[in-house]
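Undergrad: here is a sequence together with a model predicted from it:
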Amino acid sequence: MPEVAPHVVHRRLSRAVGRAVTDFGMIEEGDRIMVAVSGGKDSYTMLHLLRELVRKAPVAFSLHVVNIDQGHPGFPVERLTSYMEREGYDFRVIREDTYSIVKEKIPAGKTFCSLCSRLRRGILYRVAHELGCNVIALGHHRDDILQTLLLNLLFAGQLAAMPPKLSADEGRLLVIRPLVYCAEEDILAFSQAEQFPILPCDLCGSQSDLQRKVVGEMISDWERKRPGTKAVMLAALQNVRPSHLLDQRLWSTLGLRVAPPAESGEVEPGGVDPERLIPEALLVRRAPGGGEATSA
Ligand code: SF4
């Protein structure tokens, strides 16, 4: 792929974040946003772009940066600390030894990630409350979202990606993902141009998530063979046709209803004829006796 100038990548990322924040109403006046930073390229990039947004957004909000030091041996937290000091962020390290817990609970050879993430999430929620923050920003980007979509489709029997915005902790917190429209290759290029002090992410010694890796390689392979595939997949997530899916729980929220079975009984037992999905509004307007009522 031809190299793109750093200022072009920067502009693309800024626009993508601005669009995500606007599209999903992620930030409101007075929000105190806790930015969870791991020391990887994604969270550095998110923090940098959110700070730019603080300066130019029409609403006032503040950023409070947190790193959870989970006790991984050799974690070079001082590199993160000196960067945050130099940049003048409101930053704190929260030390919680989840590493020992995970090592104790998970048998050798198994991946730690599920328990580790759950423990980290609990810590993030608690710390957000302690800091008086009402929003937590996470650095998942477009490629994470596409991978999750396929993982759910292929391994979990579920059609779902990642929510760009989620009400959490019984509605007391909002979790936002401002990088949802940002391409990973742009984030990588940006973090290299900015020379963020990236911290190693393999200190936990966990095996990488094999299924996620396989799915990631599948998507990258499609992208190589047909450039633009990732953009098309992201567009698909913004262009859902729920009535063309088979989840009956969606019908009521869509105002769709299955017409009563015809007397001829043409609907298969246990099945639904998609032709018979009709809008609730139309049913309401149907006059008693079967005749069509005029529109209200
Ligand atoms: S890779 Fe390591 S630190 Fe990251 S979630 Fe998995 S176990 Fe935790």
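TA: Ah, there it is. What you see is a predicted model, and the numbers here were worked out from it, not measured in a lab. Numbers count the residues shown, from 1 in each chain.

Undergrad: where do the helices sit along the stretch 1-150 of the chain?
TA: 6-23, 41-56, 77-87, 98-105, 113-130, 142-151 (DSSP state H, counting those that start in this stretch).

Undergrad: residues of the stretch 1-150 of the chain that sit close to the ligand?
TA: 112-113, 116-117 (CB under 6 Å from any ligand atom). (Glycine included, C-beta is placed from N, CA and C.)

Undergrad: which of the helices of the stretch 1-150 of the chain is buried the deepest?
TA: Scoring those by mean neighbour count under mean count of other CB atoms under 10 Å gives helix 142-151 as the most buried, with a mean of 21.

Undergrad: which SSE is immediately downstream of it?
TA: The helix or strand immediately downstream of helix 142-151 is strand 165-168, counting by DSSP states H and E.

Undergrad: elements contacting that following strand?
TA: Other elements packing on strand 165-168 under the criterion 3 or more CB pairs under 8 Å, 6 or more residues apart in numbering; DSSP states H and E are strand 173-176.

Undergrad: off-centre distance for stretch 9-21?
TA: On the basis of CA atoms, centre = their mean, to the nearest Å, stretch 9-21 sits 16 Å off its chain's mean C-alpha point.

Undergrad: possible to save the residues of the stretch 1-150 of the chain next to the ligand as a markdown table with pLDDT and distance to Glu3?
TA: Below are those laid out as a markdown table (pLDDT from 0 to 100; distance: CB to CB, whole Å):
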| residue | pLDDT | distance to Glu3 |
| --- | --- | --- |
| Phe112 | 81 | 37 |
| Cys113 | 82 | 33 |
| Cys116 | 88 | 36 |
| Ser117 | 87 | 34 |
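
Undergrad: for the longest strand seen in the chain, C-alpha coordinates in CSV please.
TA: Longest strand of the chain, by residue count under DSSP state E: strand 62-69. Output of strand 62-69 as CSV, limited to C-alpha atoms (Å, rounded to 0.1, in the frame of the first residue of the first chain):
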residue,chain,number,x,y,z
SER,A,62,-12.4,16.8,30.8
LEU,A,63,-10.0,13.8,30.5
HIS,A,64,-8.6,11.7,33.4
VAL,A,65,-6.1,9.1,32.3
VAL,A,66,-5.7,5.8,34.1
ASN,A,67,-3.4,2.9,33.6
ILE,A,68,-4.1,-0.4,35.5
ASP,A,69,-0.8,-1.9,36.4
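
Undergrad: so what's Glu184 up against?
TA: Counting by CB atoms under 8 Å, 6 or more residues apart in numbering, Glu184 makes contact with 42, 141-144.

Undergrad: okay, strands next: where are they in the stretch 151-296 of the chain?
TA: Ranges of strands within the stretch 151-296 of the chain are 165-168, 173-176, 256-258, 277-279, based on DSSP state E, counting those that start in this stretch.

Undergrad: show me the shaky parts of this structure.
TA: Of all residues in the chain, those with pLDDT under 70 make up the ranges 1-2, 203, 205-208, 258-296.

Undergrad: nearest residue to Asp97 in space, please, no chain neighbours.
TA: Excluding the flanking residues, the one nearest Asp97 by CB to CB, 6 or more residues apart in numbering is Gly71, at 3.6 Å.

Undergrad: swap that for Glu194, sorry
TA: Closest to Glu194 by CB to CB, 6+ apart is His48, at 6.7 Å.

Undergrad: and what of Leu149?
TA: Closest residue in space to Leu149, ignoring its immediate chain neighbours: Ala161 at 4.2 Å, by CB to CB, 6+ apart.

Undergrad: surely the one you found touches Leu146?
TA: Yes. At 7.3 Å, Ala161 counts as touching Leu146 under the criterion of CB atoms under 8 Å.

Undergrad: name the residue of the stretch 151-296 of the chain that lies nearest to the ligand.
TA: Cys204 (3.1 Å; CB to the nearest ligand atom).

Undergrad: and Ala108, backbone torsions?
TA: With angles defined as degrees, to the nearest 10, Ala108 sits at phi -60, psi 140.

Undergrad: just want the most central residue of this protein.
TA: Met162 (4.1 Å; CA atoms, centre = their mean).

Undergrad: wait, it sits on Arg177?
TA: Yes. Using CB under 8 Å, Met162 is in contact with Arg177, at 6.5 Å.

Undergrad: distance of the residue nearest to Asp97 from Cys116?
TA: Per CB to CB, to the nearest Å, Gly71 is found 11 Å from Cys116.

Undergrad: and of the strands of the stretch 151-296 of the chain, who's closest to Asp23?
TA: Ranking those by proximity to Asp23 (CB to CB) places strand 165-168 first, at 9.5 Å.
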